[in-house]
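**Student:** Just to be clear, the model below is a prediction. Sequence and coordinates:
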Amino acid sequence: MFKAIEICKPGAKFSQIGAEIEDYAHDQGFAVNHEFGGHGIAHELHLAPLVHHYREKNGTRAEMRPGMAFTIEPILMMSGKYGYVQWEDGWTMHAPGVPSCQWEHIILITEDGYEILTLREGEVSPFAGN
């Protein structure tokens, strides 16, 4: 996720997010979920753009612009072979037998880069300074 956040700036293509996440995840031996993605944030939740967390064959040409806010929230999985079960709460999904994790941040595109709106106190990118 942080590798993808670091490429965010005006003019960057949203398709670059998925390429960064998938390359890093695969290098670490993980699969990336293709069914769920990030999304725009504004006066409602889950707005456009859909932010894919994997490399798209025909990736969107949409570019980031100052003032845009969206989530990056990849799900990394221990296997690329999985199926989903939805809990009775009508919201929670899980992939039985396939350990996975998900993390999310909201990104605001600024005039010269990005701001992470959801950083917790003391939280920093594990790649800061690299």
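**Tutor:** Perfect, I can see it now.
**Student:** drop to CA atoms for contacts and neighbour counts, all remaining ones
**Tutor:** OK.
**Student:** what separates the most far-flung residue of the chain relative to its centre from residue 99, distance-wise?
**Tutor:** Residue distances from the centre of the chain (Cα atoms, centre = their mean) peak at residue 88, which lies 25.9 Å from the mean C-alpha position. Separation of residue 88 from residue 99 (Cα to Cα, to the nearest Å): 20 Å.
**Student:** Distance-wise, check the nearest residue to residue 2 once chain neighbours are set aside relative to residue 18.
**Tutor:** Excluding its sequence neighbours, the residue lying closest to residue 2 (Cα to Cα, 6 or more residues apart in numbering) is residue 125, at 6.0 Å. Remark: distance between residue 125 and residue 18 (Cα to Cα) = 18 Å.
**Student:** Of the two, which one has the most company?
**Tutor:** The neighbour count for residue 125 versus residue 18, taken as other Cα atoms under 10 Å, is higher for residue 18 (24 against 13).
**Student:** Nearest residue to the middle of the protein?
**Tutor:** By Cα atoms, centre = their mean, the most central residue of the chain is residue 72, 2.8 Å off.
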